[in-house]
Each structure stands twice: as structure tokens, then as C-alpha cells.
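Undergrad: Could you look at this predicted model? Sequence included:
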Amino acid sequence: MDTAAVEALFTRSGGDYLFARWGRPIVPVVFGVDDATLSVVKGAVEAVVMLAGHRMAETDPELGANLMIFFFRDWAELPQVPNLDRLVPDLVPLCDRLAVADANQYRIFRFDPDGAVKAAFVFIRMDQALSDVPAETLALVQAVQTILLWSDRAFTDQSPLAKVGETVILRPDIGALIRAAYDPILPPVARDASHALRLAARVARAGH
């Protein structure tokens, strides 16, 4: 993965480079699934957090849980979740827009004063397309997409996952990039594209 490829993954559609990683331990909570799927989702989050060399915790002192993942069938269900409108401003118009767009997923990030990721809300509408995806695959994709603040265009053309025989795995280059992104020498937030050069150098070293 060269510098241009890394830079593209963190360059937003407006042209700005913006990278951010979690600054605090991740505390996930999952809504709308049975116990079996719950363990799959939490297992995927834990695996990606371990890959990054980051930490999980039982509770966040400020928020309780800071990674909230919602599974549901219709966008109209979300505004009915108690107190969710306090956490997600303009929840009703947002859900209306997503319903009109026929979206099946959406992510919102919140940030600490230094710009590091503080919390993330993941909304997954289980339409026919997502219902056909194995739970392990869906969980791994969401875990990868919330471990960093990627570009809004990242993974639109190519999934972060790859298929090896019948097994779906995280692409090795994306795994190496996630590990590089959590190198404690690097800043938790970057707005200059020169940061991509430092990431790419670490990914290259990991490949040798």
C-alpha cells in the first residue's frame, strides 16, 4: 500500500485530509440482536481493537458505553429509542433523509477536545442485502470502519475484507494500516496529508 493509497483512505470527498483514532478505551454495546449475534459483534470489535494495539474497557467514565451499534429493520424505529435524540442531534430529520436515500447503514463519530475519537454510533438497517451477509462478515466490516475515522469514500470501491476460499478475512494491507495508525509515536489526529507518508512507511516496514 503506497502513500497515495493511504492518503485516499483518509481524504474526504471535499478534498480535506482528516485522520483520527480512538483516544480512549472502547466500550461497545449492541442493540437489536440475539445473544449469539451479540457475541459475534463484540468478538469482532475485540479482535480489531487487539489488532490495533488499542484497549477495551468495561465502562467509559463519561459515557458508560462509547461505541453504540444498533440493528433494526426500519429507520422509523430509531427515533423511538429512549434518549437517543439526546446523543444524536436532529435524529428525526436524519432518519428521514436516510430512509429517502434507502440507506442501510450510517456512522456518526464524536470527538474529544484534542480531536481524537470519543464515541461512535453505528446504525445498521437490516435490508435484504445485509440480511444475506453472514453475521461474522457484517460485524468485522463494522468493527474495521469504526476503529478509525476513514474517508467518507473509503471502501466504496473495494471492501476492507477479502475472501480466502470460503473464509472472509481482513485484508492484510488494511490490517497493517490499522496497526500503523495506532503507533503511539504518531499523533491521534492529523489534518495534513504528510501524515499518510508516515503511515505508508510503517505499513511497508510491516510487510518486510
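TA: Sure, I can see it. Numbering: from 1, shown residues only.

Undergrad: ranges for the helices of the chain?
TA: Listed in chain order, the helices of the chain (DSSP state H) span 3-9, 35-52, 84-87, 91-100, 128-131, 135-147, 172-181, 194-206.

Undergrad: so who does Phe109 touch?
TA: Ala20, Val117, Ala119, Ala120, Leu149 (Cβ atoms under 8 Å, 6 or more residues apart in numbering). Backbone N, C-alpha and C define where each C-beta goes, glycine included.

Undergrad: Quickly list what it is bridged to.
TA: Phe109 has these beta-bridge partners by DSSP bridges: Ala120.

Undergrad: Just give me the neighbour total for Pro93.
TA: 10 (other Cβ atoms under 10 Å).

Undergrad: Leaving out chain neighbours, which residue sits closest to the residue nearest to the spatial centre of the chain?
TA: Using Cα atoms, centre = their mean, the residue of the chain that lies closest to the mean C-alpha position is Thr146, 1.4 Å off. Counting by Cβ to Cβ, 6 or more residues apart in numbering, Thr146 lies nearest to Ala120, which is 4.8 Å off, once chain neighbours are set aside.

Undergrad: mind checking how far that neighbour is from Val92?
TA: 20 Å (Cβ to Cβ, to the nearest Å).

Undergrad: Give me the more crowded residue out of the two.
TA: Ala120 (21 against 13).

Undergrad: Hmm, Gln145 and the more buried one touching each other?
TA: No: between Ala120 and Gln145 there is no contact under Cβ atoms under 8 Å: 9.2 Å.

Undergrad: Now stretch 156-167 - C-alpha only, PDB.
TA: What follows is stretch 156-167, C-alpha atoms only, in PDB (Å, rounded to 0.1, in the frame of the first residue of the first chain):
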ATOM      1  CA  THR A 156     -16.900   2.400  -1.700                       C
ATOM      2  CA  ASP A 157     -15.000   0.600  -4.500                       C
ATOM      3  CA  GLN A 158     -13.200  -2.100  -2.600                       C
ATOM      4  CA  SER A 159     -14.100  -3.900   0.700                       C
ATOM      5  CA  PRO A 160     -11.700  -3.900   3.600                       C
ATOM      6  CA  LEU A 161     -12.300  -7.700   3.700                       C
ATOM      7  CA  ALA A 162     -11.100 -10.400   1.300                       C
ATOM      8  CA  LYS A 163     -12.300 -14.000   0.700                       C
ATOM      9  CA  VAL A 164      -9.800 -16.800   1.100                       C
ATOM     10  CA  GLY A 165     -11.600 -20.000   0.000                       C
ATOM     11  CA  GLU A 166     -14.800 -19.900   2.000                       C
ATOM     12  CA  THR A 167     -13.300 -17.800   4.700                       C
END
